[in-house]
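Visitor: Pasting the sequence and the predicted model now:
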Amino acid sequence: MEVTKAICVLKGPGSVTGTIRLKAEGGHSTSVAGEISGLTPGKHGFHVHTFGDISKGCGSTGSHYNPCNETHGAPQDKKRHVGDLGNIEADENGTARVEMVDRLLRLAGKYSIIGRTMVVNEKEDDLGKGGNKESLESGNHGAGVAWGIIGIDEDPQ
Ligand code: ZN
C-alpha cells in the first residue's frame, strides 16, 4: 500500500496543541494543512525531525530530517533540510493556520517522513540567514513547544 495521507497530532508540555494533515499531491509535492493553537503571537519554526522517539520530548527526536546532508534553509531554498518547513505565524489569539505545499516532503519511498516527528518551536526560524553556525544547523529557533509523530491516515480510496 502506498501511503498518500498522514496525520500529526501535536501536543506540548504547555498549552500548545494542534492537528496537521498531510496529503501526497500529484507529481512531487505534499500538502500540509491544519491549525495549531496556544502559541504566542508571531512566527514559530516548524520542522520535521529525524526520529519518532518522543520519550524525552522533542529532545530525543534528533535534528531536522536531513537525508541529503544539506545546510539548514528556508522551504523554498535549494539548499535546505528535507524537514525544513520554515515558520508558521500565530495571530493575536495564538492560533496559526497552516496551509503549505512542499516539494521535498514524501509520505512514501526512501525519504518518507512517516514515523518521524513534527516540531513547533518557541521562536522564529531565521532560515539559515542568521550569520552564525547555529543558524546553518537549525535556525536559532529555540526549544520545541509542541510535537507529534507523523502517522498513516486513512485513505478512502
Ligand atoms: Zn533545518
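Guide: Here it is on my side, so go on.

Visitor: Now do the helices in the protein.
Guide: All helices of the chain, identified by DSSP state H, fall at 133-137.

Visitor: hmm, which helix or strand of it has the shakiest average pLDDT?
Guide: Least confident element among the helices and strands of the chain, by mean pLDDT, DSSP states H and E: helix 133-137 (a mean of 93).

Visitor: For the most centrally placed residue in the chain, which residues are in contact?
Guide: Against the mean C-alpha coordinate of the chain, by C-alpha atoms, centre = their mean, the closest residue is residue 47 at 2.8 Å. Residues counted as contacts of residue 47 (C-beta atoms under 8 Å, 6 or more residues apart in numbering) are 64, 65, 81, 83, 84, 85, 118, 119, 121, 125. Where C-beta positions appear, they are placed from N, C-alpha and C, glycine not excepted.

Visitor: Next to the ion in this structure, residues from the protein, please.
Guide: Residues of the chain that fall close to the ion, judged by C-beta under 5 Å from the ion: 64, 72, 81, 84.

Visitor: Is the last one bridged to anything, and to what?
Guide: Translated: residue 84. Here residue 84 shows beta-bridge partners residue 47, assigned using DSSP bridges.
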